[in-house]
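Participant: I need the structure of the sequence given here:
(4 chains)
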Protein chains: 4
Amino acid sequence: MDVRAAKPPLTPALTPVMGADEVNAYLMEVYPQLNTDYTEYRAVEVWPGGCRVRLTAGERHLRPGGTVSGPALFTLADIGGYVCALSHIGRKALAVTTNLNINFMRKAQAGDIDGVCRILKLGKALMVFDVAIVAGEAQEMVAHATGTYSIPPARK
Amino acid sequence: MDVRAAKPPLTPALTPVMGADEVNAYLMEVYPQLNTDYTEYRAVEVWPGGCRVRLTAGERHLRPGGTVSGPALFTLADIGGYVCALSHIGRKALAVTTNLNINFMRKAQAGDIDGVCRILKLGKALMVFDVAIVAGEAQEMVAHATGTYSIPPARK
Amino acid sequence: MDVRAAKPPLTPALTPVMGADEVNAYLMEVYPQLNTDYTEYRAVEVWPGGCRVRLTAGERHLRPGGTVSGPALFTLADIGGYVCALSHIGRKALAVTTNLNINFMRKAQAGDIDGVCRILKLGKALMVFDVAIVAGEAQEMVAHATGTYSIPPARK
Amino acid sequence: MDVRAAKPPLTPALTPVMGADEVNAYLMEVYPQLNTDYTEYRAVEVWPGGCRVRLTAGERHLRPGGTVSGPALFTLADIGGYVCALSHIGRKALAVTTNLNINFMRKAQAGDIDGVCRILKLGKALMVFDVAIVAGEAQEMVAHATGTYSIPPARK
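Facilitator: Just a heads-up that it's a prediction; the model follows:
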């Protein structure tokens, strides 16, 4: 196993306010377009300062060459950031990505693809995160993304 | 109209080898997953050193807040780079994105969203491109992406 | 000449509040470390929605291979964003870069290297910009950067 | 201490061919511009699949606000990638950065600033890496970068 794929250390200074099931229920409610017929993108685990999200990639997620497409991996990374934000700041559906940079490194076959996400900074207005996307038995890193979410101000 | 959305100047040193219709037919053949029931992502125009691609965004492309989702815009940018590559180097379905960086700047409503793409460098192994994503009557820039495609070596 | 290097169209909606000379004097005052012995990085022109900055690259800016180093080009791109911000929002020395993505495409020789900068979005809290870095007689694009500046809130 | 700053796990599949001292001597030889009067940017440690580099930031590296400048942190990240490449593939001075994306998250004071670098992919033509830039007693992450180096082909 590629040791880089291990769960990153906890960041005790950050405390989740929702677990994976609660986030998935909230996603279903506010973002029904994400998973139409059955659940494809979902939160698997939430911990202080991070989370794991999963895409079960099928035929529809493949691109020429029979490997998982860039947009499918981008969506997983983006959802990873969204789950980081929602799980740590609460039901702020209107949090939006302002920047996302992704490197594609290896080809991924259909099957479970995981995004192991870390919150690098959680400020009042912006959250910075990164995602190691891993796949296959060896949990090799197939892509890596870094991004920023803009957090809507609290209603007063 | 936002003047930044205008078609960029031609780069006469680069010569397309396929037009928009030919690229669309090729995409349909090698990448059927891109457009399942009807055509959503397509090439609209190809010129020396660039191209215009279009997403006709509907309900299924929206995210919380009722605006076009990040993954839908990312897909448009990625297809823009793919169309740049295919139209200028020919039928290389296995060209793959190695890096893509995208900034989301304004909210886009459902409707036609265009990606105006420039080839910044066309080398033997890598192509660098950028995409101005514009939408609405004013053709305002809603997102901007820069990326790299890896070009497979010619068979010998 | 590579036509992509031409000055981008004006963005009439944006109005500069300082010209190049005024920005250079302000940079000298608040950021003396930028140019120690003589002026290397400077604003050359400011227009609605953009600016041109210049590095006169000498021996000290070269890297192995005798070409202008990545950090020197990054600095030019970063200063380009800073000049965009200062010239359009005024004397906000504490505006800071939050993200910068740069692609290096061609080798640049010592001499004048220009950054042609566009403001892509000027919001209350964030400014997004891009920079085409051009060099040589042909004004070929040697690098391209996109970035975000965080704008400090107005004092009340 | 921020646990994210800990040395990442080893990647046994990658084997360094040079240690930190050897890399520093090579940098001095091929890239004298990096450190003019005294050593500012240097390799501190090399391990399988990664390395630690250090900038001892002084007055000259500060920007308005008295914090370490973006270009100084970019240079550290870029050198981190260069040290990753040189230490794992040998004396290839002409390895060049093709892309670098950096997020600035917290302000860093003058003093030792470390870049903890991981090789994410080491291919024949490209190396992808990331760098956690940490500073202060708490070794907090002040910036994070991801980049790609192009590796020159072996002479035949």
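Participant: Residue A:148 bridge partners, please.
Facilitator: Beta bridges link residue A:148 to residue A:99, residue A:128, judged by DSSP bridges.
Participant: Contact partners for it?
Facilitator: For residue A:148, the contact set (CB atoms under 8 Å, 6 or more residues apart in numbering or on different chains) comprises A:97, A:98, A:99, A:100, A:126, A:127, A:128, A:129, C:98, C:99, C:148, D:103. C-beta coordinates here come from the backbone N, C-alpha and C atoms, glycine included.
Participant: out of those residues, who's nearest residue D:140?
Facilitator: Here the nearest of those to residue D:140, counting by CB to CB, is residue A:128; it sits at 12.9 Å.
Participant: Tell me how far that closest one lies from residue A:101.
Facilitator: Separation of residue A:128 from residue A:101 (CB to CB, to the nearest Å): 11 Å.
Participant: Those two: who's more crowded?
Facilitator: Neighbour tally, residue A:128 and residue A:101, criterion other CB atoms under 10 Å in any protein chain shown: the higher count belongs to residue A:101, 28 against 25.
Participant: hang on, isn't the more buried one packed against residue C:103?
Facilitator: No: contact status for residue A:101 versus residue C:103: not in contact, 11.3 Å apart, counting by CB atoms under 8 Å.
Participant: After the worst-scoring helix or strand of chain A on mean pLDDT, which helix or strand is next?
Facilitator: Lowest mean confidence among the helices and strands of chain A (mean pLDDT, DSSP states H and E): strand A:62-63, at a mean of 90. The helix or strand immediately downstream of strand A:62-63 is strand A:67-68, counting by DSSP states H and E.
Participant: Strand partners (parallel or antiparallel) of that next one?
Facilitator: According to DSSP bridges, strand A:67-68 forms sheet pairs with strand A:62-63 (antiparallel).
Participant: how far is the strand it pairs with from where the chain is centred?
Facilitator: Relative to the chain's own centre, strand A:62-63 is displaced by 20 Å; criterion: CA atoms, centre = their mean, to the nearest Å.
Participant: Give the burial count for residue A:31, as a bare number.
Facilitator: 18.
Participant: need the contact list for residue A:26.
Facilitator: The neighbourhood of residue A:26, defined by CB under 8 Å, 6+ apart, consists of A:18, A:86, A:91, A:93.
Participant: Report whether the lengthiest helix in chain A contacts chain B.
Facilitator: Looking across chain A with DSSP state H, the single longest helix is helix A:70-89. Yes: with CB under 8 Å from any CB of the partner chain as the criterion, chain B is reached by helix A:70-89 at A:70, A:71, A:74, A:75, A:78.
Participant: I'd like the residues you listed written out as a markdown table, with neighbour count and pLDDT added.
Facilitator: A markdown table is the format used below for the residues of helix A:70-89 next to chain B (neighbours: other CB atoms under 10 Å in any protein chain shown; pLDDT from 0 to 100):
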| residue | neighbour count | pLDDT |
| --- | --- | --- |
| A:70 | 24 | 95 |
| A:71 | 23 | 94 |
| A:74 | 27 | 97 |
| A:75 | 24 | 96 |
| A:78 | 26 | 97 |
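Participant: I'd like the residues you listed laid out as TSV, including distance to chain D.
Facilitator: Compiled in TSV, the residues of helix A:70-89 next to chain B are given as follows (distance: CB to the nearest CB, whole Å):
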residue	distance to chain D
A:70	15
A:71	19
A:74	15
A:75	19
A:78	16
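Participant: Just the buried positions in stretch A:60-69, please.
Facilitator: A:61, A:62, A:63, A:64, A:67, A:68, A:69 (16 or more other CB atoms under 10 Å in any protein chain shown).
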